[in-house]
Each structure stands twice: as structure tokens, then as C-alpha cells.
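1. Pasted the sequence and its predicted model underneath.
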Amino acid sequence: METAREYLVALSSWQLDESSGSISRQIQGGSFVQVIDIVNRIAVLAEDQQHHPDLHVTGYRHLKVVLTTHAIGGLSENDFIVAAKIDELLAA
């Protein structure tokens with residue numbers, strides 16, 4: 001858990017869940033189409049990385065991205081790498 005908190009220092013938009021088993025980021029889009037475009041861009045990145053987040057679209061323009069490593073039942077370094085790559089993608 002301490003390692004997760006250290007990694008999150010560089011990922012200010014991400015939150016550690018209460019059990020320290022996942023990290024998540026909330027993204028507000030201007031419209032449904034914009035949110036779906038973000039989902040599609042994250043999907044391409046995730047497929048390239050072979051590490052797939054849970055993507056939750058709610059309220060037609062709100063997206064929650066959740067990263068965890070299902071194989072180990074918690075967080076791995078790869079979750080933080082993919083989170084940083086998602087941040088880069090959104091900044092572009």
C-alpha cells in the first residue's frame with residue numbers, strides 16, 4: 001500500500017480505493033460523443049499494453065477509469081504505468 005501511495009504522487013488525477021486494490025480516475029466530457037471518443041482511445045492504448053481497465057460511462061458524459069491487476073487481485077506496477085499513459089493520452 002505504501003508503494004501505491006508513492007506511485008500516486010506522480011499521478012495526481014488518480015485515487016487509491018479504500019482497500020488499496022485499485023486506482024481510479026474520473027473524467028468529465030463535454031458530451032456523450034466526446035466521452036465515447038475517450039473510451040475508444042483508452043481502448044486502443046489498453047489493447048496495445050495488454051492491460052485493460054474497467055471503463056464506466058454514466059450520466060452520458062462522465063467516465064470512471066478503474067485499474068487493477070485481476071491476476072493478482074490487486075495493484076501491480078503495470079497499473080500505474082497504464083495510468084500514466086492514459087494521462088499522457090488525455091493531455092494530447
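-> Thanks, I have it.

2. quick one: residue 65 and residue 22 touch, right?
-> No. At 10.2 Å, residue 65 and residue 22 do not qualify as touching, with contact defined as Cβ atoms under 8 Å. Bear in mind the C-beta positions are built from the backbone N, C-alpha and C, glycine included.

3. SS state for residue 10?
-> coil (DSSP: H, G, I helix; E, B strand; the rest coil).

4. Not counting sequence-adjacent ones, nearest residue to it?
-> Spatial nearest neighbour of residue 10, excluding adjacent residues (Cβ to Cβ, 6 or more residues apart in numbering): residue 84 at 7.0 Å.

5. In which helix or strand does the residue nearest to the spatial centre of the chain reside?
-> Residue closest to the average C-alpha location in the chain (Cα atoms, centre = their mean): residue 65, at 4.1 Å. Assigned by DSSP states H and E, residue 65 falls within strand 62-67.

6. Repeat that for residue 41.
-> helix 32-49.

7. Average pLDDT for that helix, rounded please.
-> The pLDDT scores in helix 32-49 average 98.

8. buried stuff in whichever helix or strand comes after it?
-> Toward the C-terminus, helix 32-49 is succeeded by strand 54-58 as the next helix or strand (DSSP H and E). Neighbour counts using 16 or more other Cβ atoms under 10 Å place 55, 57 of strand 54-58 among the buried residues.

9. Remind me what strand 54-58 packs against, helices and strands.
-> Where contact means 3 or more Cβ pairs under 8 Å, 6 or more residues apart in numbering; DSSP states H and E, strand 54-58 is packed against helix 32-49, strand 62-67.

10. Average pLDDT for that strand, rounded please.
-> On average, strand 54-58 scores 98.
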